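**Student:** next come a sequence and a model predicted from it.
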Amino acid sequence: MGNEIRGYLVGPMPAEEFLEEFLSPTMIPDYQPLTSFSEGAFDNTVSAAQETSAYNPFINTMESFAPGLSFIDTHSNADKINCKAFSFQIKPDVCVYADGIPRNRQSSCDISTTEVVVEFKCEPHHNPFYTPADGSSHFISETDKAMDMLGRVTSYAAAQLGAQYRTHAFSILIVCEQAYILRWDREGVTVSSAIYYNKEPHLAEFFHHYAQASPAVRGVDTSVTLASVEEASLARLKLDLPASWHMLKVTVPAVNNSDPITLIFPAPQPVGRTPIGRCTRTCPAYDINNKNVVMFKDSWRVANPDILPEGETYKLLAKHKVSNVASCIACHDVPSLPQVAPQTHRLAHAPWACSHTTITPHVHYRLVLNIVGKESHEFTSSHQLVSIVRDALIAHKEAYHKAGVLHRDLSAGNIVIYKGKGILIDWDLSKLITIQGARQVNRTVRSFRAYFG
């Protein structure tokens, strides 16, 4: 993942500016400043003879600066519950939790509740970052060791963002006496300048601020909540899910100005892919108001005035009576505070930012369809296969000729079977034929699944 992510790194952002931008005391009601830091606070960490010997001194010192957070050594015990889809183990050196986890969980990793991941390396040649020389436009090392380290940190961020509903996440990379704070969102990664954390207070201040910050400022998507016991039990029954599956709850405005639709749906399982881009998640959900099963889609759409949100495309298709498409019954751009929205695009041209690939702005988006279909590979006969492909081609043709919409992503993964008919779905890459030029700057390669799991 290191090579995949390096073009989306924006930095090095001066550490003081980083804290003021993302965890400013002005964002924290009743903020209490850090007064106990002094140079040499992490002497036992930086002087550790080997990497694993640095974890406990770091934990013991940092917990004194951030009461309310639990720093847990997880380097020897991978998350085997949430990360089954990964081809490698997810076991950060230290996981930070917000719920006062007791010490008998010292060796466990639960990426679905992790707040911050901390990763250590004691060899300087593993450092993926360096301070750019005057006039230099680069701050990323491209050695194999550095890319491996960047890939590891990226995989942990992918697991965390994939297992949770978050607007953003922070992680820490410590290499010898230097520390870096990384802020991940769906546009890219903002990287702080190097912090000499045994001499400078910025890393201690980061955790001190983080411990006092609200869940939203920390990056938790507060529009998603836990379902009640009764709601979860009913939804599992309707969705045919095991009793062990955690269930979540979200409300999406209906397209016809009627009452909002409240959905109960399964907590996500992370997959091993880069956490940048649209990062679409789909799953069947139970509509507790209308008492039926619908399809829920959560994604980060490209924020471009020439690009219609997918819900608007569905409205256009319905207006022109295009055949063999689902109906969008609810959709919206998810409201958020300015400080928790994606920030990488906004900061990409800051004076301190080194060169990077084009950063595309994104907006959090949700959509609900009225049907839940089977995947196209579940056809029951060759006749049905030909029939559902024909249905999808009819939808594609009518969308173009009647509504002036080009789908632009016709594939087997975007055809589902509903009541024996082929339905063409996933219109978020479509474009109006009246608009010239590319649909968007870049695309996120992914697989749309009729069922998430």
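**Tutor:** In hand now; what should we look at?

**Student:** how about low-confidence regions in this structure?
**Tutor:** Filtered on pLDDT under 70, the chain yields the residue ranges 100-107, 135, 436-453.

**Student:** mind redoing it with 80?
**Tutor:** 1-3, 85-87, 99-108, 133-136, 272, 339, 355, 436-453 (pLDDT under 80).

**Student:** so for this protein, the centremost residue is which one?
**Tutor:** residue 161 (3.8 Å; Cα atoms, centre = their mean).

**Student:** what sits against that residue?
**Tutor:** 169, 184, 270, 275, 279 (Cβ atoms under 8 Å, 6 or more residues apart in numbering). For every residue, glycine as well, the C-beta is placed using N, CA and C.

**Student:** give me the neighbour count for the last one.
**Tutor:** For residue 279, the count of nearby residues is 20 (other Cβ atoms under 10 Å).

**Student:** so it sits against residue 302, correct?
**Tutor:** No: in this structure, residue 279 is not within contact of residue 302 by Cβ atoms under 8 Å, at 12.0 Å.

**Student:** so where's the longest helix in the chain?
**Tutor:** helix 382-403 (DSSP state H).

**Student:** and the two most separated of the contacts of residue 161?
**Tutor:** Greatest spatial distance among the contacts of residue 161 (Cβ to Cβ): 184 and 270, at 13.3 Å.

**Student:** the longest strand along the chain packs against which elements?
**Tutor:** Determined from DSSP state E, the single longest strand within the chain is strand 292-302. In terms of contacts (3 or more Cβ pairs under 8 Å, 6 or more residues apart in numbering; DSSP states H and E), strand 292-302 is packed against strand 261-266, strand 281-287, strand 362-369.

**Student:** tell me what the first one is packed against?
**Tutor:** If I follow you right, that is strand 261-266. helix 229-239, strand 247-252, strand 281-287, strand 292-302.

**Student:** which stretch among the ones you listed comes nearest residue 395?
**Tutor:** strand 292-302 (16.5 Å).

**Student:** within the sheet, what are the partner strands of the closest one, with directions?
**Tutor:** strand 281-287 (antiparallel), strand 362-369 (antiparallel) (DSSP bridges).

**Student:** columns mean neighbour count and distance to residue 414 on top of these, output as JSON lines?
**Tutor:** Rendered in JSON lines, the data for these read as follows (neighbours: other Cβ atoms under 10 Å; distance: least, Cβ to Cβ, whole Å):
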{"stretch": "strand 281-287", "mean neighbour count": "23", "distance to residue 414": "11"}
{"stretch": "strand 362-369", "mean neighbour count": "23", "distance to residue 414": "13"}
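
**Student:** turn the ones you listed into TSV, including distance to residue 123.
**Tutor:** TSV is the format used below for the strands paired with strand 292-302 (distance: least, Cβ to Cβ, whole Å):
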stretch	distance to residue 123
strand 281-287	37
strand 362-369	35
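
**Student:** which one of these lies nearest to residue 141?
**Tutor:** strand 362-369 (27.5 Å).

**Student:** report the contact partners of the residue lying closest to residue 432 once chain neighbours are set aside.
**Tutor:** Counting by Cβ to Cβ, 6 or more residues apart in numbering, residue 404 is the residue found nearest to residue 432 once chain neighbours are left out, at 5.7 Å. Going by Cβ under 8 Å, 6+ apart, residue 404 touches 432, 433, 434.
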